[in-house]
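Visitor: sharing a model that was predicted from the sequence below.
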Amino acid sequence: MSDQKTADIQRRTEAVKDQLIRKGLLAEEDVQHFLDLAEEWKPENGARVVARAWTDPEFRQRLLDDATSACAEMGYTGLQGEYIVALENTPELHNVVVCTQCSCTAWPVLGLPPDWYKSPEYRARVVRQPRRVLSEMGLELSPDIGVRVWETSAETRYMVIPLRPSGTEALGVDDLSALVTREALIGVALASQCER
Amino acid sequence: MSDQKTADIQRRTEAVKDQLIRKGLLAEEDVQHFLDLAEEWKPENGARVVARAWTDPEFRQRLLDDATSACAEMGYTGLQGEYIVALENTPELHNVVVCTQCSCTAWPVLGLPPDWYKSPEYRARVVRQPRRVLSEMGLELSPDIGVRVWETSAETRYMVIPLRPSGTEALGVDDLSALVTREALIGVALASQCER
Amino acid sequence: MDSIHDLGGMQGFGAVRVERDEPVFHEPWQATAFALMVATQVVMRSHNADEYRHSIERMSPSHYLQAHYYERVLTGTTTLLVEKGLLDLQDLEARSGGVFPLAAPVAENPMSDRVPQTEARFTEGDRVRVLPISPAGHVRAPKFCRGHVGTVVHRAPKFSFPDTSAHGGERRKEHTYHVEFSAQALWPREGGANDSVVVDLWDSYLEAASS
Amino acid sequence: MDSIHDLGGMQGFGAVRVERDEPVFHEPWQATAFALMVATQVVMRSHNADEYRHSIERMSPSHYLQAHYYERVLTGTTTLLVEKGLLDLQDLEARSGGVFPLAAPVAENPMSDRVPQTEARFTEGDRVRVLPISPAGHVRAPKFCRGHVGTVVHRAPKFSFPDTSAHGGERRKEHTYHVEFSAQALWPREGGANDSVVVDLWDSYLEAASS
């Protein structure tokens, strides 16, 4: 970098896009296509998968055996969903997902990840001090519960199946899915008795 | 850090100094004392040690056996000079000094280190790519010459004894010492036939 | 590549800040940067995902830490487009009205010399040690687990080996394994007794361990 | 502490910039920061050199990389003075007219549990392996040599063990050794055949190696 000032990030982004389109390497529709896709990837998808697993024992088993096809049968598949593994929380074990080296996430079921997931703070600390990070984020876990942190270092994309909150026996799938946030699917929160 | 702006570094420094003096924890003379000392620590000291080693075989041997006392007998001792080791370059081996974790240096013989020595660039790269770093800094070494990088990770403080340039047989100690720069004492340059 | 991107276990960072009801994109340029990152790989096929990840790793550490995620995305993608001659840096700088910082060039000799493992060498329950490798080029074994012994808890399918595919090498596929390391083995005085970290590791990164 | 300060071998950095005829201090505050760093340790004895080094390690990685060397010096020193109750941060911020960023607190449980080695266990020519330690507190074994085998080329005198003295532990002294690692062992595809790196390592960091 010279002593000149760094260009505004918005103008840098526009310059790349404009030049790719001007040279015919990409079309405006290509860009729009992936923005439309990004709208379809959202944590509500993963929440529906979880709610169904809570209420349908056979689906739960299929999800644990082969989450990629179990999610695909609900329509959640595609980029960064090529090999999904579902991690079921139990009263003894809590699962948390991170990508320390970049910010990989199961897009079709979790959506594009939030800024905190992509931050150096989360990526550096959650593998070393998971209980402390979770506590700072509002989730206090008993020392009796083991914490298993899953590092997304290769091509597996993870989703957490949180514990079904007690007192939700009467709820249907739609109401249940409303209890599952993006944070719960990553493992930094529990499924809540209060709706999202 | 809050959203407020970081205070100017000059004002931060003055605030610390003023408060230490106001509280009687330090005196203005204490601060001045170490600034005066810093003036005495300079690469010219190490250059004189090298020139003497080039011309006095017994001193050279004492320097290689116990550089701490050999330097002390010339008056170069004190802070960060408690245990000095002299590294003699040979036609087959070139020595380079670094401190990857902070910026330790033998103050009494080398002086306080220059900014490049303290930079992340030098500290990160010279242990991994010493030939490339030296080359970028203007020192091309034949592949026949081994490079030994000395990492100042504990309490040993190093100084390099560069090779005496050819054609300097007629020079006395003062003229010889003028050929030895701080960079030569660290090992990123050779002693030069041209004066500093 | 031993670069700033390999953050797992690095200390000195503060609290994780969670934004309530965070939008997917905070500003329009972030959406564009995201779409360009995917479109260059999927539509243009100008580079693969491993080259892309490596391009971000090559950013200067200071720039990496200061940049928002989608600035890293744009920087890596643009670096590759410029390196491959598809875009011109001077032109981009003229159009954007300032310096356009890119990532550093690929190291010399970046290609992995790990022996390809076409057949799975390990299975669930096996104890494995992560090799203490430190290659100049792309690698996906995080530093925090290198040299440590863990247990295979799952064998995943074969996936393209990133250390070669990031550098134009032959496409080879290897199984990856979910390897569980006890937290106390990784960080003896910090890790909880019941806690562990599971890392997804290619076969080539591992050797059999007895204990 | 696995922090940004442990830079040896980290990739992604650019060229080393040498300033011709560089002055010892570029601005008066740098001289003051230097003098305060020494005077607090030597005159006030408010902290020792190991606490001081560790205080700089605790700076946030982003601040560390952006700060000039003497800003790191001032930040570490001031952090300790505030932690020890000798200076008040709010007062310093009021006087300096803005935020005064300090280093992060010491980790929980930072004290080393390495067994003290009062007698030298190694001698010149011995092959030794650096233990793959990753302590929460201060340590002076650089990451790039951890887990690697080298040869002792010199035994230095005993010096205070930094991992305990940085955290108020008993003052214990151990020999350090100049341990030579072949460049090809550290970086297989990059290191020159005749090249090596010598690291000065406390006895406790090492174990005997057969090969």
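Guide: Arrived safely. Because the structure is a prediction, the values reported are computed rather than measured.

Visitor: list of residues touching the longest strand anywhere in chain C?
Guide: Ranked by residue count, the top strand of chain C under DSSP state E comes out as strand C:149-160. With contact meaning Cβ atoms under 8 Å, 6 or more residues apart in numbering or on different chains, strand C:149-160 is reached by A:83, A:85, A:154-156, C:48, C:50, C:120, C:122-130, C:171-182, C:185, C:198-200, C:202, C:209, C:211. C-beta coordinates here come from the backbone N, C-alpha and C atoms, glycine included.

Visitor: list the buried residues of it.
Guide: Neighbour counts using 16 or more other Cβ atoms under 10 Å in any protein chain shown place C:149-152, C:155-156, C:158-160 of strand C:149-160 among the buried residues.

Visitor: residue contacts, the residue nearest to the spatial centre of chain A?
Guide: In chain A, the residue lying closest to the centroid (Cα atoms, centre = their mean) is A:Leu110, at 3.4 Å. Residues in contact with A:Leu110 (Cβ under 8 Å, 6+ apart) are A:41, A:43, A:45-46, A:159, A:182, A:185-186.

Visitor: just the contacts of strand C:149-160: which are in helices?
Guide: C:50, C:185 (DSSP state H).

Visitor: buried subset of the contacts of strand C:149-160 as a PyMOL selection?
Guide: A single PyMOL command selects the buried members of these (16+ other Cβ under 10 Å):
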select buried, (chain A and resi 83+85+154+155+156) or (chain C and resi 48+50+120+122+126+128+129+130+172+173+174+175+176+177+178+179+180+181+182+198+199+200+202)
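
Visitor: mind listing the helices for chain A?
Guide: For chain A, the helices defined by DSSP H cover A:9-22, A:28-40, A:43-55, A:57-65, A:67-73, A:107-110, A:115-118, A:120-125, A:130-136, A:173-177, A:182-186.

Visitor: buried deepest among those, which one?
Guide: Per residue and on average, the most neighbours among those fall to helix A:107-110, with a mean of 27 (mean count of other Cβ atoms under 10 Å in any protein chain shown).

Visitor: how is the chain carved up into domains?
Guide: Just so you know, I chose chain A. Chain A is divided into the following domains under automatic domain parsing: A:9-39, A:42-193.

Visitor: let's do chain C instead
Guide: C:3-96, C:110-208.

Visitor: what's near enough to touch A:Asp66?
Guide: Contacts for A:Asp66 (Cβ under 8 Å, 6+ apart) come out as none.

Visitor: what residue, apart from its backbone neighbours, is nearest C:Asp126 spatially?
Guide: In this structure, C:Asp126 finds its nearest non-sequential neighbour in C:Val152, 4.6 Å apart by Cβ to Cβ, 6 or more residues apart in numbering or on different chains.

Visitor: check what pLDDT residue 8 gets.
Guide: Reading this off chain A. Looking at A:Asp8, its pLDDT is 97.

Visitor: my question was about chain C, not that one.
Guide: pLDDT for C:Gly8: 97.

Visitor: what is the neighbour count of the residue nearest to it when sequence neighbours are not counted?
Guide: Excluding its sequence neighbours, the residue lying closest to C:Gly8 (Cβ to Cβ, 6+ apart) is A:Thr100, at 3.3 Å. Close neighbours of A:Thr100, defined as other Cβ atoms under 10 Å in any protein chain shown, add up to 30.

Visitor: these two touch, right, A:Thr100 and C:Leu7?
Guide: Yes. A:Thr100 is within contact range of C:Leu7, at 5.4 Å (criterion: Cβ atoms under 8 Å).

Visitor: shared neighbours, these two?
Guide: Counting by Cβ under 8 Å, 6+ apart, the shared contacts of A:Thr100 and C:Leu7 are A:123-124.

Visitor: partner strands of the longest strand of chain C and their direction?
Guide: Strand C:149-160 has the following strand partners under DSSP bridges: strand C:127-130 (antiparallel), strand C:173-182 (antiparallel).

Visitor: can you tell me which of the ones you listed comes nearest to A:Val31?
Guide: strand C:173-182 (31.0 Å; Cβ to Cβ).

Visitor: for the record, mean pLDDT for the closest one?
Guide: 97.

Visitor: could you do stretch C:69-86 as well?
Guide: 98.

Visitor: quick one, what contacts A:Thr152?
Guide: A:97-99, A:104-105, A:158, C:200.

Visitor: contacting residues for the residue in chain A positioned nearest to chain D?
Guide: When scored by Cβ to the nearest Cβ, chain A has A:Pro120 as its residue closest to chain D, at 7.1 Å. Counting by Cβ under 8 Å, 6+ apart, A:Pro120 touches C:7, C:10, C:13, C:65, D:61-62.

Visitor: filter the residues you listed by proximity to chain A?
Guide: C:7, C:10, C:13, C:65, D:61-62 (Cβ under 8 Å from any Cβ of the partner chain).

Visitor: tell me which of these fall in helices.
Guide: Taking DSSP H as the definition of helices, the ones next to chain A among the contacts of A:Pro120 contribute C:65, D:61-62.

Visitor: TSV for these, including neighbour count and distance to B:Arg148?
Guide: As requested, these are exported to TSV (neighbours: other Cβ atoms under 10 Å in any protein chain shown; distance: Cβ to Cβ, whole Å):
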residue	neighbour count	distance to B:Arg148
C:Leu65	21	33
D:Pro61	22	30
D:Ser62	18	34
